[in-house]
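K.L.:
starting from these lines, generate the structure:
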Amino acid sequence: MSCLPLIPEYVVVKIIEIAFQNRWTRFDWRLSLATLSWRYFNHLSKSVDTFNLFDRTVVSHVTSPYCLMREPRTIYTSLSNLNRLLRDPLSAGFLTTPSPFTTNVEQLVIVENSLFSMVSIIDISNFVAQLPNLVRFHLESNFNTITPNTFSILESTDAKIVDFQYLAPMPADSTALVSLIRKRAPSLQRLEYGHRSLMISYENERIIYNEIISQHQSFTQLRSLTLQCGVSDTLNFFTLLLALQQLESLALMCTYKAEAVARKQLASFLNHHDALRALKVTFLFDSQLTAAVNSRQRLRSIVMSPNVKLTQKYADLCFTSLDCLKLSSKLLAQTIELNLSGINNIRTLHIDLNQEEAISLNEGSLATFIETNNTCRLLKTQYTERIVGAFANNTSIDTVVFKSLEQNNPFFAPTFQQALSKNSTVRNIFIYDYSQPATNKHILRELFNRVEQETQSVSNQFILLNIRQYIDESSMMTSEMSCTVVEYTKIS
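P.N.:
Numbers count the residues shown, from 1 in each chain. From the prediction side, this is the model:
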């Protein structure tokens, strides 16, 4: 009797690695794979490269020999959490002493979304000083900032920082921040600067003019630039930006005193810039801007995300050469009308209108797009009966992401069931249901069991993969803070 050949060790390791990284399986089961042997444990520990730093208990956790997260490449945290940890003797001693936990960190991402804060300036310099391999520093905060000596550490460290993102209030004394930008300018490949404020502010405009766009000769490696500020001198702003000819990605999250002038200057900028591939702006495109994009055919991605309430009633989205188009904002007029009739070659379309009246007004053009376009692979939008019915005639879309309105069925409408039976391309369906947010694992499990039973009557082609909770931290000021996400996939 012959024995089956042994599976080579490298094959076993690869199988375990793939299973461990499969996000569709339960996390506790994936974690149990590390208990198969110390050899597999050590191998998997190298693939766990992201760590959420939130409270002092993580210190005892990561110092345990049984913890997989030994040498993270990326750390996510907040200023309030860092402030609390660095004031605690136990955690401060760990975070401010050289160790494998800090010496391998390449990305430090600090996002502070709290609406209220008792501390406005936080010193994290002793922690940052322990990150010799830092490549990316990201700070995003509504109210807090960091101390000047933290900026000084970031300037003087031997770490090769190529990605610097500071989206927070301008410090009272900006000398150290300005010095940091000047020192790092020749090596920066990506720069994000400004402040996401609820009020129109021009306080950052001086630094943006004097230290960034007017110093274009210093930013020789810069490929991606994001600016958040109020712009008072629109003509000069775009004139200086044009000198940054090497930019491939530009996000102007700005508020303009003269928006009509800004549109005209942006059109001129697009007509004279030769490298730009991705653009994000805070207003909707009109026919002049759309024509500027179509005439050069080099832009591949455009995002329109208004940051102030718009009264604009019409948007021209007839792009002929884009791969990706996104329009998303809670600040669009309810009567906004979108022209989608001429879109060609698009592969990703994201239309998030949020308002019931705006959806009703544009469902015809969206349905026509779904029925006639043969290049789009991913569509994200709200849905109505007319929109989902259009999928019966679609021949290209692979993935659908629906964001339901309150009155919508959170899962499948009968019309969509019929459309799916005639559609041969849709393979993945995600439904974000804001009307019934799931708040804990017990509710999620009950919901999963119920929908799994209903799936049999939905379509014999699709199976329910997962139901999970999604928290949108960018919507802290609105009722749309959490929702239930239902995920389906087609049976191969």
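
K.L.:
so how many other residues sit close to Asn423?
P.N.:
Neighbouring residues of Asn423 were enumerated by other CB atoms under 10 Å; the total is 20. Where C-beta positions appear, they are placed from N, C-alpha and C, glycine not excepted.

K.L.:
kindly report the same for the one 10 residues further on.
P.N.:
Residues within reach of Asp433, counting by other CB under 10 Å, total 23.

K.L.:
what does Thr239 give?
P.N.:
Neighbourhood size, Thr239 [other CB under 10 Å]: 14.

K.L.:
surely Ile415 is in contact with Glu385?
P.N.:
Just so we're on the same page, residue 415 is Thr rather than Ile. Yes: contact between Thr415 and Glu385 holds when scored by CB atoms under 8 Å: they sit 4.9 Å apart.

K.L.:
and the two? Which one has more around it.
P.N.:
Thr415 (18 against 15).

K.L.:
tell me what the host helix or strand of Ala267 is packed against?
P.N.:
Using DSSP states H and E, the secondary-structure element containing Ala267 is helix 259-272. Contacting helix 259-272 under the criterion 3 or more CB pairs under 8 Å, 6 or more residues apart in numbering; DSSP states H and E are the following elements: helix 234-241, helix 287-296.

K.L.:
helix 259-272 and the last one, what's the angle between them?
P.N.:
So the one you mean is helix 287-296. In this structure, helix 287-296 runs at an angle of 10 degrees to helix 259-272, with axes from the mean of the first three to the mean of the last three CA atoms, to 10 degrees as the basis.

K.L.:
what's in contact with helix 287-296?
P.N.:
Under the contact criterion CB atoms under 8 Å, 6 or more residues apart in numbering, helix 287-296 has outside partners 263-264, 266-268, 270-271, 285, 299, 302, 316-322.

K.L.:
now that helix - C-alpha only, CSV.
P.N.:
Backbone C-alpha positions of helix 287-296 (Å, rounded to 0.1, in the frame of the first residue of the first chain) are rendered in CSV as follows:
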residue,chain,number,x,y,z
SER,A,287,-18.7,72.0,-19.3
GLN,A,288,-15.5,74.1,-19.4
LEU,A,289,-13.7,72.0,-16.9
THR,A,290,-15.0,68.7,-18.5
ALA,A,291,-13.8,69.9,-21.9
ALA,A,292,-10.3,70.7,-20.4
VAL,A,293,-10.0,67.1,-19.1
ASN,A,294,-11.2,65.5,-22.3
SER,A,295,-8.9,67.6,-24.5
ARG,A,296,-5.7,66.3,-22.8
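
K.L.:
buried residues in that helix?
P.N.:
Of the residues in helix 287-296, those scored as buried under the neighbour-count criterion (16 or more other CB atoms under 10 Å) are 289-290, 292-294.

K.L.:
what do you get for stretch 234-248?
P.N.:
Neighbour-count burial for stretch 234-248, with 16+ other CB under 10 Å as criterion, is recorded at 234, 237-238, 240-241, 244, 247.

K.L.:
next one: stretch 349-362
P.N.:
Taking 16+ other CB under 10 Å as the basis for neighbour counts, the residues of stretch 349-362 that come out buried are 349-355, 358-359, 361-362.

K.L.:
follow-up on the earlier one: any chance of the buried residues of helix 287-296 in TSV, with distance to Asn339 too?
P.N.:
Shown next, in TSV, are these (distance: CB to CB, whole Å):
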residue	distance to Asn339
Leu289	13
Thr290	9
Ala292	16
Val293	14
Asn294	13
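
K.L.:
looking at those residues, which is nearest Thr175?
P.N.:
Proximity of the buried residues of helix 287-296 to Thr175, judged by CB to CB, is greatest for Leu289, which lies at 38.4 Å.

K.L.:
strands of the stretch 51-200 of the chain, start to end?
P.N.:
Secondary structure of the stretch 51-200 of the chain (DSSP state E, counting those that start in this stretch): strands located at 74-77, 107-112, 121-122, 136-141, 145-146, 163-167, 190-194.

K.L.:
ranking these by mean pLDDT, which is last?
P.N.:
The weakest mean pLDDT among these belongs to strand 121-122, with a mean of 86.

K.L.:
contact partners of it?
P.N.:
Residues outside strand 121-122 that contact it (CB under 8 Å, 6+ apart): 79, 82-83, 144-147, 171.

K.L.:
let me have those residues in JSON lines, extended by neighbour count and distance to Ile431.
P.N.:
Supplementary listing: these in JSON lines, determined by neighbours: other CB atoms under 10 Å; distance: CB to CB, whole Å:
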{"residue": "Leu79", "neighbour count": "25", "distance to Ile431": "34"}
{"residue": "Leu82", "neighbour count": "24", "distance to Ile431": "36"}
{"residue": "Asn83", "neighbour count": "18", "distance to Ile431": "38"}
{"residue": "Asn144", "neighbour count": "21", "distance to Ile431": "36"}
{"residue": "Thr145", "neighbour count": "23", "distance to Ile431": "39"}
{"residue": "Ile146", "neighbour count": "25", "distance to Ile431": "40"}
{"residue": "Thr147", "neighbour count": "16", "distance to Ile431": "45"}
{"residue": "Pro171", "neighbour count": "18", "distance to Ile431": "43"}
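
K.L.:
turn those into a markdown table, including distance to Asp49.
P.N.:
Converted to a markdown table, the contacts of strand 121-122 look like this (distance: CB to CB, whole Å):
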| residue | distance to Asp49 |
| --- | --- |
| Leu79 | 23 |
| Leu82 | 20 |
| Asn83 | 25 |
| Asn144 | 27 |
| Thr145 | 28 |
| Ile146 | 25 |
| Thr147 | 29 |
| Pro171 | 32 |
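
K.L.:
next step: these restricted to helices.
P.N.:
The subset of these located in helices under the criterion DSSP state H comprises 79, 82-83.

K.L.:
with those in mind, which one is nearest to Thr50?
P.N.:
Sorting the ones in helices among the contacts of strand 121-122 by how near they are to Thr50, with CB to CB, puts Leu82 at the top with 16.7 Å.

K.L.:
ok, that closest one to Tyr76 distance?
P.N.:
11 Å (CB to CB, to the nearest Å).

K.L.:
returning to that earlier point: now the angle between helix 234-241 and the helix holding Ala267, please.
P.N.:
Following the same axes, to 10 degrees, one obtains 20 degrees for the angle between helix 259-272 and helix 234-241.

K.L.:
following helix 259-272, which helix or strand comes up?
P.N.:
Under the assignment DSSP H and E, the closest C-terminal helix or strand after helix 259-272 is strand 278-281.

K.L.:
what does that following strand contact?
P.N.:
Applying CB under 8 Å, 6+ apart, the external contacts of strand 278-281 come out as 226, 248-253, 266, 270, 299-305.

K.L.:
mean pLDDT per helix and strand in the chain: which one sits at the bottom?
P.N.:
Counting by mean pLDDT, DSSP states H and E, the weakest-scoring helix or strand in the chain turns out to be helix 441-458, with a mean of 50.
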